[in-house]
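Peer 1: compute the structure for the input listed below.
(chains A and B)
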Amino acid sequence: MKREIWKGSEAIAEAAIRAGCRGFFGYPITPQNEIPEYMSHKMAEAGGVFVQAESEVSAINMVYGAAGAGVRCMTSSSSPGVSLKQEGISYMAGAKLPAVIVNVMRGGPGLGSIQPSQADYYQATRGGGNGDYRTPVLAPANLQEAVDLVQEAFDIADQYRTPVMILADGLIGQMMEPIVWHDIPKRDLPPKTWAANGRGDRDHNNFINSLLIDAPACERHNQELLETYHYIEEHEVRWEELMTEDAEIVITAYGTPARIAITAAENLRKKGIKAGVFRPITLWPFPFKRLKEIASQDSVKVLLDVEMSTGQMLDDVNLAVAERKPVKFYGRYGGVIPTVSEIEAAAEAACGEVK
Amino acid sequence: MKHEVILSGFGGQGVMSIGKNLVEAGVEEDLQVSWVPSYGPEMRGGTANCTVIISDERIGSPLVEHPSEIVVMNRAALAKFGPQVQPGGTIFINSSIVPDTVDRSDVQVHYVPCDDIARELGNSKVSNMVMLGAYVAATKVLQVKTIENMIHEMFTGKKAKLVPLNMDALQRGIACVER
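Peer 2: Numbering: from 1, shown residues only, chains lettered A, B, ... in the order given. As a prediction, the model looks like this:
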């Protein structure tokens, strides 16, 4: 099939339309403006709805409404804008509404910078809004994976009736790479019999609601959600590993830093250091089990976590490794991207410390 | 085979387009490619640069510390990226705008008067196409024929009249390095 050059943000938007997304609600913010820009003309052609809302809060509540009516819909933003959407995401988790939220992360906190960052890992994986909920989080490291994961995100959302987040860094949004528009196996999804889309022939009204004022009822609701989250933890974990079979040092990284780590690992191997890379693709559910196995390998002496943050995924890496082996950290943040030679140096230092 | 090139100049000089042309042509030739812009709050007149990788293997880091080539469209670009070029690498300088010479003996340098040639051809906008010709001819990373086909695809309908101009610009760039 033909490879085409696409810009990350536009590819994500096109992938959403191809996945059947027919409602986009957003508000502009760098570095993801190409997503709403693309949607503003292509969504109408696809017979869907595009609205530039008056704010991020408004946009996520439009997503709530459209999702409640059974429409495949999404919003996209960047870090400060995604903070504003957290209330809506919590309500959607509570009301069991499927939708996709794209966060093309930039430096923070607050307005921060407009350059690539990964400082929203906690917010994405720990639930940025209130209440006991989880959000499946998919983190692409290249554009082919980004477009493939968009289709998956909509399917996961519909299968489990949950908001799903695509967590990309600014570089994924801004770069260009070749992609192939191949058919991704679509899931056998249940019909949306719960949607509030007009009573029609039903003998009852459907309600979309997250208010359960009676505590025992609210607890039962939380138990149901928890069972879904446990099922997702069992069935939706994804990761990639490279050169880990005989690795003495395993670099853990996701998104763009994982690509930089792969080049660093290749260079380290040329210098005689057996380096491998473990790249989580789902950040929640995190691939705890597999990383634990890798950390238990005799060959592995040390792990090095690399992020464009001060160390957030590091917590999950530490939970998985559970002090079986030392875990070192190298981070650049605020919009600064780690270089290949910096990661190599950090890996060499880590190996030196454990010898 | 792996070419890692940083292209840099003023916004509006077509630096980003040269990069886009390279990756589009790379895909046509079944190579792995990536294009990363340095993006900031700047608009026209600010600094614009992008990093392009063309390889026959999977591309890991899309960013480069020590490029195999740089394309220099203004003075600031040479000062910033000149020292970073790999030993044995190549520097392409738009000598119409950059009066400086390179004082490194471990790199090859091509001085290409892009803007002068573009003006001779009657359209200053094609200076980037002159540079693209020089880059492709000197590195041989892509076939000239692929670029020519791309020019035909880029300018169709009302813009088809721009094809001969761009073809001339490409050829003049090629001639600069094949002299």
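Peer 1: residues in contact with B:T139?
Peer 2: B:3, B:69, B:90 (CB atoms under 8 Å, 6 or more residues apart in numbering or on different chains). Heads up, the C-betas are built off the backbone N, CA and C, glycines and all.
Peer 1: assign residue 51 to helix, strand or coil.
Peer 2: Since you didn't name a chain, this refers to chain A. Under the three-state scheme (DSSP: H, G, I helix; E, B strand; the rest coil), A:V51 adopts strand.
Peer 1: oops, I was thinking of chain B
Peer 2: strand.
Peer 1: not counting sequence-adjacent ones, nearest residue to it?
Peer 2: B:V36 (4.7 Å; CB to CB, 6 or more residues apart in numbering or on different chains).
Peer 1: I'd assumed that neighbour was in a strand, is it?
Peer 2: Yes. Checked against three-state DSSP, B:V36 lies within a strand.
Peer 1: give me the residue from the stretch 51-200 of chain A nearest chain B.
Peer 2: Proximity of the stretch 51-200 of chain A to chain B (CB to the nearest CB) peaks at A:M176, 4.0 Å away.
Peer 1: is it true that A:P257 lies in a strand?
Peer 2: No. Assignment of A:P257 by three-state DSSP gives helix, placing it outside any strand.
Peer 1: what residues does chain A put near chain B?
Peer 2: Within chain A, the residues that sit near chain B (CB under 8 Å from any CB of the partner chain) are A:3-5, A:30-31, A:114-115, A:170-171, A:174-178, A:256, A:259-264, A:266, A:337, A:339-341.
Peer 1: can you select the buried ones among those residues for me in PyMOL?
Peer 2: Of the residues of chain A next to chain B, the buried ones can be selected in PyMOL as follows, counting by 16 or more other CB atoms under 10 Å in any protein chain shown:
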select buried, chain A and resi 3+5+30+31+114+115+170+171+174+175+176+177+178+256+259+260+261+262+263+264+266+337+339+340
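Peer 1: now intersect the residues of chain A next to chain B with the strands, please.
Peer 2: A:4-5, A:176-178 (DSSP state E).
Peer 1: let me have the residues you listed in a markdown table, extended by pLDDT.
Peer 2: Output for those, formatted as a markdown table (pLDDT from 0 to 100):
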| residue | pLDDT |
| --- | --- |
| A:E4 | 97 |
| A:I5 | 97 |
| A:M176 | 97 |
| A:E177 | 97 |
| A:P178 | 97 |
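Peer 1: re earlier: rebuild the contacts of B:T139 as a markdown table, extending it with pLDDT.
Peer 2: Converted to a markdown table, the contacts of B:T139 look like this (pLDDT from 0 to 100):
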| residue | pLDDT |
| --- | --- |
| B:H3 | 98 |
| B:E69 | 98 |
| B:T90 | 98 |
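Peer 1: so what's the residue in chain B that chain A sits nearest to closest to, chain neighbours aside?
Peer 2: With CB to the nearest CB, the shortest gap between chain B and chain A falls at B:G60, namely 3.4 Å. Closest residue to B:G60 apart from its sequence neighbours, by CB to CB, 6+ apart: A:T263 at 3.4 Å.
Peer 1: go on, B:D115?
Peer 2: Using CB to CB, 6+ apart and skipping the chain neighbours, the partner closest in space to B:D115 is B:S96 (3.5 Å).
Peer 1: contacting residues for that neighbour?
Peer 2: Counting by CB under 8 Å, 6+ apart, the residues that B:S96 touches are B:113-117, B:127.
Peer 1: for A:Y91, same thing?
Peer 2: A:64, A:129, A:210.
Peer 1: quick check: of the residues you listed, which lies closest to B:F155?
Peer 2: A:Y64 (46.2 Å; CB to CB).
Peer 1: quick revisit: the residue nearest to B:T51 against A:I172, yeah?
Peer 2: No. Using CB atoms under 8 Å, B:V36 is not in contact with A:I172, being 10.2 Å away.
Peer 1: show me which of the two is the more surrounded one.
Peer 2: Using other CB atoms under 10 Å in any protein chain shown as the criterion, B:V36 and A:I172 rank with A:I172 on top: 30 against 25.
Peer 1: distance check, that one against A:M308.
Peer 2: Using CB to CB, to the nearest Å, A:I172 is found at 11 Å from A:M308.
Peer 1: rewinding a little: what pLDDT does the model give the residue of chain B closest to chain A?
Peer 2: At B:G60, the pLDDT value in this model is 96.
Peer 1: residue contacts, the closest residue to chain B within the stretch 201-350 of chain A?
Peer 2: Closest approach between the stretch 201-350 of chain A and chain B, counting by CB to the nearest CB: A:T263, at 3.4 Å. By CB under 8 Å, 6+ apart, the contact list for A:T263 reads A:340, B:60-61.
Peer 1: equivalent analysis for B:H152, please.
Peer 2: With CB under 8 Å, 6+ apart, B:H152 has these contacts: B:V163.
Peer 1: and the strands in the chain?
Peer 2: With no chain named, the answer covers chain A. A:4-7, A:23-26, A:49-52, A:73-77, A:99-105, A:137-138, A:163-169, A:176-179, A:239-242, A:249-252, A:275-280, A:282-284, A:302-307, A:327-331.
Peer 1: if you could check chain B rather than the one you did, that'd help
Peer 2: B:2-10, B:32-38, B:47-55, B:69-72, B:90-94, B:108-112.
Peer 1: for these, which one ends up most surrounded?
Peer 2: strand B:69-72 (a mean of 28; mean count of other CB atoms under 10 Å in any protein chain shown).
Peer 1: number of residues surrounding B:G122?
Peer 2: So B:G122, with other CB under 10 Å, has 9 neighbours.
Peer 1: grab the nearest non-local neighbour of it.
Peer 2: Using CB to CB, 6+ apart, the closest residue to B:G122 is B:L165 (7.4 Å).
Peer 1: hmm, B:V27 and A:R3 touching each other?
Peer 2: Yes. Applying CB under 8 Å, one finds A:R3 in contact with B:V27, separated by 5.2 Å.
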